[in-house]
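S.K.: Give me coordinates for this.
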Amino acid sequence: MGPLLQDKVVLVNGGSQGVGAGIVRAAVREGAHVVLTGRRIEIGEKFAADTGTTFVRADLRDPEQARGSVENVVDHYGRIDCLVNAAGLTSRGTLVDTTPELFDEHIAVNLRAPFFAMQAAVRDMLDREAPGTVVNIITSSSHGGQPFLAPYVSAKAGLAGLTRNAAHAHRWDRIRINGLNIGWTDTEGEDAIQRAFHGAGDDWREKAAESAPMGKLGQVDEIADFVVFLLSDRSGVVTGSVIDWDQIVLGGLD
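M.R.: Residues are numbered from 1 along each chain as shown. Here you go, the predicted model:
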């Protein structure tokens with residue numbers, strides 16, 4: 001069996017770090033032509049050079065740049081086959097203390113950007129009457145989440161609903177759209193969040209792993225392999241699924 005994404009054109013928004021970067025590596029390994037976006041030019045260009053991919057700077061808070069991320073890919077390759085929305089904002093806020101500005105920023109990054117990137121990608125697929133796949137990186141917190149994640153949960157729950165809505169709307173176009181509700185994951189971004197908002201020390205990963213059923217946090221490479229599978233033809237007809245990729249069982253009680 002050949003590479004899962006041989007010669008596919010893949011865009012990973014938010015692909016220069018964390019889960020997005022893992023998806024970029026996995027997609028390249030599986031034979032894809034990969035374009036990634038991010039806001040920090042130095043980091044993005046170095047990562048692209050290291051992985052043999054193309055970096056495009058984009059501030060996805062701007063819907064025109066979210067659409068433009070796809071349009072740049074189409075201009076360069078003539079098409080887009082796969083889109084991954086992996087960019088995310090996880091800054092904290094409760095229902096009581098969240099400002100309108102913080103709420104709007106979460107909506108802009110975690111919901112509006114995926115919406116308009118998907119819009120541009122689906123338009124290209126429809127214009128070419130070609131199949132395609134989209135995977136949205138969501139969060140297990142979209143089911144409710146912690147009190148300090150109120151604006152994040154609001155936006156990501158919207159993304160889960162959008163995933164199902166778009167999948168239903170375009171199932172007859174052979175455009176498959178799925179989402180992944182990832183749990184607590186070991187990334188550099190999570191390290192920064194733990195230190196900035198929760199007073200975590202250097203041993204926070206070890207402590208977190210001890211408290212987890214599988215003895216570890218979610219790993220980027222494992223998530224990336226799953227995303228590549230969903231992007232590929234090997235995932236068959238699956239569409240409209242928002243999969244809980246976590247070790248916490250919803251509804252389970254001790």
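S.K.: Phe47: what's its closest spatial neighbour, skipping adjacent residues?
M.R.: Spatially, and ignoring its direct neighbours in sequence, Phe47 is nearest to Ser16 (5.1 Å; CB to CB, 6 or more residues apart in numbering). C-beta here means a position set from N, CA and C on the backbone, and glycine is covered the same way.
S.K.: Number of residues surrounding the one you found?
M.R.: Ser16: 27 surrounding residues under other CB atoms under 10 Å.
S.K.: Next up, the contacts around it.
M.R.: By CB atoms under 8 Å, 6 or more residues apart in numbering, the contact list for Ser16 reads 36-38, 40, 43-44, 47-48, 55.
S.K.: Dump whichever helix or strand Ser69 is part of to CSV, keeping only the CA atoms.
M.R.: Assigned by DSSP states H and E, Ser69 falls within helix 63-77. Extracted as CSV, the C-alpha positions of helix 63-77 are listed here (Å, rounded to 0.1, in the frame of the first residue of the first chain):
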residue,chain,number,x,y,z
PRO,A,63,-11.4,36.5,7.4
GLU,A,64,-9.9,37.8,4.2
GLN,A,65,-6.5,36.2,5.1
ALA,A,66,-8.3,33.0,6.2
ARG,A,67,-9.9,32.8,2.7
GLY,A,68,-6.6,33.9,1.2
SER,A,69,-4.7,31.0,2.8
VAL,A,70,-6.7,28.7,0.5
GLU,A,71,-6.6,31.0,-2.5
ASN,A,72,-2.8,31.1,-2.3
VAL,A,73,-2.7,27.3,-2.4
VAL,A,74,-5.0,27.2,-5.4
ASP,A,75,-3.0,29.8,-7.2
HIS,A,76,0.2,27.8,-6.7
TYR,A,77,-1.0,24.3,-7.3
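S.K.: Okay, buried residues for that helix please.
M.R.: Across helix 63-77, burial judged by 16 or more other CB atoms under 10 Å covers 65-74.
S.K.: Strand partners (parallel or antiparallel) of the following helix or strand past that helix?
M.R.: Following helix 63-77 in sequence order, the next helix or strand is strand 82-85 (DSSP H and E). Here strand 82-85 is paired, per DSSP bridges, with strand 9-13 (parallel), strand 132-137 (parallel).
S.K.: How far does the helix or strand that comes right after the longest one sit from its chain's centre?
M.R.: Same thing as strand 132-137. For strand 132-137, the following helix or strand on the C-terminal side (DSSP H and E) is helix 150-169. Once both centres are worked out by CA atoms, centre = their mean, to the nearest Å, helix 150-169 turns out to sit 12 Å from its chain's centre.
S.K.: Who are the contact partners of the closest residue to Asp225 other than its chain neighbours?
M.R.: Setting aside the residues directly before and after it, Asp225 is nearest to Ala26 in space (CB to CB, 6+ apart), at 5.8 Å. Contact analysis of Ala26 by CB under 8 Å, 6+ apart lists 221, 224-225, 227-228.
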